[in-house]
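Peer 1: The sequence isn't on hand, but the structure is:
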């Protein structure tokens, strides 16, 4: 029973969101549409391609890609149309330019700041020796030990 459930979950997880009524009759155009769709982000789900998403907007985008290809657009023209309409955000891999600089360099900057903070903390911690007593403190400790 457990094996059957596991097989069912794997099968369902690998299912694609592209429905049969969306597919083009021409296999070459359908292959191009799939290639383009794999590089486009579902703007609703944000971490899925439009091919993998079940969102209604993703379906609309899949249909739009196929419509543009049937009208004779190249792959680049189709992507450019969608970027013009939705911005660079619709691309899973946005281009490296001034507007997307934060997306590309942000993680490295945050990692660098975090590393510098940890290094500073460790260096300050090493400088302070909590075990060292001043001469006055050592004398007071000696006096207390002799009394007790």
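Peer 2: The structure has been received and is ready for your questions. In this text, all values refer to a predicted model and were calculated from it rather than measured experimentally.

Peer 1: Next one, pLDDT for the residue nearest to the spatial centre of the chain please.
Peer 2: The residue lying closest to the centre of the chain (CA atoms, centre = their mean) is residue 47, at 6.8 Å. Per-residue pLDDT puts residue 47 at 80.

Peer 1: quick one: the closest residue to residue 52 other than its chain neighbours and residue 62, what's the gap?
Peer 2: Leaving aside its sequence neighbours, residue 52 sits nearest to residue 17 (CB to CB, 6 or more residues apart in numbering; 5.7 Å). C-beta here means a position set from N, CA and C on the backbone, and glycine is covered the same way. For residue 17, the distance to residue 62 (CB to CB, to the nearest Å) stands at 8 Å.

Peer 1: residues shared between the contacts of the two?
Peer 2: Each of 50, 51 lies in contact with both residue 17 and residue 62 under the rule CB atoms under 8 Å, 6 or more residues apart in numbering.

Peer 1: Okay, domains of this protein per the record?
Peer 2: When the chain is parsed into structural domains using automatic domain parsing, the resulting residue ranges are 2-95, 100-147.

Peer 1: Just name the most buried of these.
Peer 2: domain 2-95 (a mean of 15; mean count of other CB atoms under 10 Å).

Peer 1: Which residue in this structure shows the largest distance from the geometric centre?
Peer 2: Distance-from-mean max, the chain, by CA atoms, centre = their mean: residue 147 at 66.4 Å.

Peer 1: Phi and psi next, for it.
Peer 2: phi -70, psi -40 (degrees, to the nearest 10).

Peer 1: Kindly report the same for residue 41.
Peer 2: Dihedral angles for residue 41 - degrees, to the nearest 10 - are phi -90, psi 140.

Peer 1: in which helix or strand would I find residue 94?
Peer 2: Using DSSP states H and E, residue 94 sits within no helix or strand.

Peer 1: Give me the phi and psi for residue 49.
Peer 2: Taking degrees, to the nearest 10 as the convention, residue 49 sits at phi -80, psi 160.

Peer 1: likewise residue 133?
Peer 2: The phi/psi pair for residue 133 (degrees, to the nearest 10) is phi -110, psi 150.

Peer 1: pretty sure it is touching residue 141, no?
Peer 2: Yes. Using CB atoms under 8 Å, residue 133 makes contact with residue 141 at a distance of 6.8 Å.
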